[in-house]
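1. predicted model and sequence below, questions to follow.
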Amino acid sequence: MRSKLFASSKASSPTNSNDKSPSRSPISTPSRQTFSASIMEEDLLYAEQIINRWDLNSSLYTKQDSLFTGDKYEARQFIKSVKNLQSAMHYFVSESARSDKLIHAQKLMQVAMKRLEKEFYQILSGNRDVLDSESVSVSVSGSKRSSRPRSIISEASEDDDASEEDDRVSVSRSSVCDGERVSPSELVMEDLKSIADCMISSGYGQECIKIYKIIRKSIVDETLYNLGVEKYSFNQINKLDWDTLELKIKKWLHAEKVAVKSLFYGERILCDYVFSSADRIRESCFSDICKDRATSLFEFPELVAKSKKSMERMFRTLDMYNAVSDQWNEIEMTFSFESTVIVRTQAVTSLVKLGDAVRAMLTDFETAIQKETLKNAVNGGGIHPLTRYVMNYLVFLSDYSPALNDIVADWPLHIQSPLPESYFSSTSLDESSTISSRFAWLVLVLLCKIDAGAELYKDVAQSYLFLVNNLNYVVSKVKNSNLGILIGDEWIEKHELKVKQYAANYERMAWSKVMTSLPDDPTVDNLPIETARDCFRRFNLQFDDVYKKQSTWIIPDSKIRDEIKISIAKKIVPCYRAFYENYRDMFRGVDSVVRFAPEDLGNYLSDLFHGNGAPGSVNTTSHSSSSSSSR
């Protein structure tokens, strides 16, 4: 209708195609002013009807009343009336700053803003469950609406057209019609956005912002409190015993993950969406709500890193390092505002301090190994406690190799030792990986201690067995963990061969007298009876001595244990069997000469290397009967 009226007015005005500056009718301007005034008065009247119906001071108002329920037709009409009222106020100001109509319009605007303020509060406080961080982030990131705000989610142009609210609602409705489900979170966020846009454009943004900050900050505080996040001082952290501090670190690791991926991220999205029409406001709201709590959250690792350092704290320190570094992209994106730079700075500071703490603990670990003196031999030549501790520590440490690579990247390994550098020149080691060389070095330091520990044994055979057990344990740990990837297959093959060499040395040193007690050629059947008797007696004596000595020795690895037993049996039993078969009849019934049947030897050998001791000692009587039975 308005376009038709203006078209009629233009059509009735005289024009001259040859006149570049057409003259207007003297009555045309007052006519249009009168028409505009009537339109503004109609808008004022219409706004008055809508706004007064929802006046909080009206006798018709009840606490159950809400604009934003059902199909929200009333809400759309209310928002539209406020925008029309704004236009009318601008017109009345241009006519007269003291116009009665302007004063009346201002009073209506105050009533409308109080109503919207109340609605904004009710929506925020009454929909905490659907405005939780996870629901918000899922809803907005999956939304297909064209009215997405400029934010960390997407970029879209702002539209101040009066029909924007209607467009959003119609889009939501069409989504439902098209089968796309609109979540409760999306609908509530649309309502909050429409109110915020209306209040901000009307000059009442502060009232809206104050409510938003109070409610959302309380939610953030409550969530972090439930996650166990507390504010600590350095003295408080430093005085805690490790068990108590470790529990707090575990809580922090869980809380940090939830806070970064859900809580703070969701708050950023909600702020960006609700206040998409005003960049400064959305930054201010998010910063005031999350900045201090996020800074406090990321300060905790720094305090832990500065506190007492011990090797038992290494893994929790690395856990915190991983937690921050793995989520750095989310942290940087969520706290990208200039006003939240302190959060990013604190996160980086904590990473640096955690890295420093890890370096210090690695240095202490290496120093502790080097200073360790193996004073006492391990019973049975088994695995030394230092070997177990160091290798288990390194295995767990290797699981953190990506973080350790970052931490030691600019911390070169300086070796001040006469040990051969060829140990580190293995082609299987990645030259670009500093942590690989460092792990190889720590293992080598341990192997040097193992070599020194072998010297504690007076029996050379047992010292070789000690080397077999400990080196095999080291190789097994490397082979079956990430250490194998870091140190390389060539290292593993080289040291597996060394284990076999140690095993061969043990066999030679431990069983050579038993083997040489038999004739060089046991198949010869023409030895004098005295010579044969001496061979049997010498074999009995040597085997009995070796067996008793080794009855308490131990080989924990069943595979190595069986391999050594089989190797010993292959060297002894066939020779003894040949000699036994040739000369046993000479001494039939004389058990003191032929004490062992070939089958007995296998039984004795099967008892070895379990560390059982007495049960495996040679018993002449029992084995004599065994020999007789065998014969």
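-> It's in.
2. show me what the longest helix seen in the chain is packed up against.
-> Longest among the helix segments of the chain by residue count, using DSSP state H, is helix 341-371. When contacts are defined as 3 or more Cβ pairs under 8 Å, 6 or more residues apart in numbering; DSSP states H and E, helix 341-371 packs onto helix 279-306, helix 314-326, helix 328-334, helix 385-398, helix 401-407, helix 434-454. C-beta: built from backbone N, CA, C; applies to glycine.
3. in stretch 301-316, what counts as buried?
-> Residues of stretch 301-316 classed as buried: 301, 302, 303, 304, 305, 307, 309, 313, 314, 315, 316 (neighbour count, 16 or more other Cβ atoms under 10 Å).
4. go on, stretch 376-391?
-> For stretch 376-391, a neighbour-count test (16+ other Cβ under 10 Å) marks 377, 378, 380, 381, 382, 383, 384, 386, 387, 390, 391 as buried.
5. ends of that stretch, how far apart?
-> Terminal residues of stretch 376-391 are spaced 20 Å apart (Cα to Cα, to the nearest Å).
6. so what touches that stretch?
-> By Cβ atoms under 8 Å, 6 or more residues apart in numbering, the list of residues contacting stretch 376-391 from outside reads 369, 372, 374, 442, 446, 449-450, 453, 456-457, 462-463, 465-466, 469-470, 473-474, 477-478, 552-554, 556, 611.
7. using ChimeraX, define a selection of the buried residues within the residues you listed.
-> Selecting only the buried members of the contacts of stretch 376-391 in ChimeraX, with burial defined as 16+ other Cβ under 10 Å, works like this:
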select :369,372,374,442,446,449,450,453,457,462,463,465,466,469,470,473,474,477,478,552,553,554,611
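8. so which of the contacts of stretch 376-391 belong to helices?
-> Those of the contacts of stretch 376-391 lying in helices (DSSP H): 369, 442, 446, 449-450, 453, 462-463, 465-466, 469-470, 473-474, 477-478.
9. let me know the closest of those to residue 205.
-> The shortest approach to residue 205 among those belongs to residue 442, at 61.0 Å (Cβ to Cβ).
10. separation between the spatially most central residue of the chain and residue 459?
-> Geometric centre of the chain, nearest residue: residue 323, 4.6 Å, by Cα atoms, centre = their mean. Distance, residue 323 to residue 459, using Cβ to Cβ, to the nearest Å: 52 Å.
11. ok, residue 311 next?
-> Applying Cβ to Cβ, the value for residue 311 to residue 459 is 34 Å.
12. hang on, the earlier thing: what comes up buried for the longest helix of the chain?
-> Buried residues in helix 341-371, counting neighbours by 16+ other Cβ under 10 Å, are found at 343-344, 346-347, 350-351, 353-355, 357-358, 361-362, 365, 369.
13. kindly report the same for stretch 511-531.
-> Going by neighbour count (16+ other Cβ under 10 Å), the buried part of stretch 511-531 is 511, 514, 515, 517, 518, 519, 522, 527.
14. same check, this time on stretch 199-213
-> Going by neighbour count (16+ other Cβ under 10 Å), the buried part of stretch 199-213 is 199, 200, 202, 204, 205, 207, 208, 209, 211, 212, 213.
15. could you do stretch 237-250 as well?
-> Result for stretch 237-250 [16+ other Cβ under 10 Å]: buried residues 237, 240, 245, 248, 249.
16. just checking, residue 207 touches residue 113?
-> Yes - the pair residue 207 / residue 113 is scored as a contact, 6.8 Å apart, by Cβ atoms under 8 Å.
17. what residues are shared contacts of those two?
-> Listed as contacting both residue 207 and residue 113 by Cβ under 8 Å, 6+ apart are residue 199.
18. can you pull out the helices in the stretch 451-600 of the chain?
-> 460-479, 482-487, 489-516, 529-550, 558-583, 598-607 (DSSP state H, counting those that start in this stretch).
19. give me the residues contacting the strand or helix carrying residue 250.
-> Using DSSP states H and E, residue 250 sits in helix 242-258. By Cβ under 8 Å, 6+ apart, the list of residues contacting helix 242-258 from outside reads 224, 227-229, 237, 240, 297-298, 300-301, 304, 307, 310, 312-313, 316, 319-320, 323-324, 327.
20. kindly report the same for stretch 437-454.
-> By Cβ under 8 Å, 6+ apart, the residues outside stretch 437-454 that reach it are 362, 365-366, 369-370, 372, 374, 377-378, 384, 386-387, 390-391, 394, 397-398, 404, 408, 413, 415, 419, 423-424, 426, 429, 463-464, 466-467, 470-471, 474, 478, 483, 486-487, 491.
21. for that stretch, what is the distance to the chain centroid?
-> 31 Å (Cα atoms, centre = their mean, to the nearest Å).
22. tell me the contacts of the residue lying closest to residue 314 once chain neighbours are set aside?
-> Leaving aside its sequence neighbours, residue 314 sits nearest to residue 361 (Cβ to Cβ, 6 or more residues apart in numbering; 4.8 Å). Going by Cβ under 8 Å, 6+ apart, residue 361 touches 309, 310, 311, 313, 314, 317.
23. list the contacts of the last one.
-> Contacts of residue 317 were listed using Cβ under 8 Å, 6+ apart, and they are 304, 305, 354, 357, 358, 361.
24. what about residue 488, how many neighbours?
-> Residue 488: 19 surrounding residues under other Cβ atoms under 10 Å.
25. measure it to residue 478 for me?
-> As judged by Cβ to Cβ, residue 488 and residue 478 stand 9 Å apart.
26. take the buried residues of stretch 199-213 and keep only those in strands.
-> Here DSSP state E is the test, and the buried residues of stretch 199-213 give no hits in strands at all.
27. tell me which two of those residues sit farthest apart.
-> Distances among those were taken as Cβ to Cβ; the most separated pair is 202 and 213, at 19.1 Å.
28. could you find the closest non-adjacent residue to residue 411?
-> Counting by Cβ to Cβ, 6+ apart, residue 411 lies nearest to residue 359, which is 6.1 Å off, once chain neighbours are set aside.
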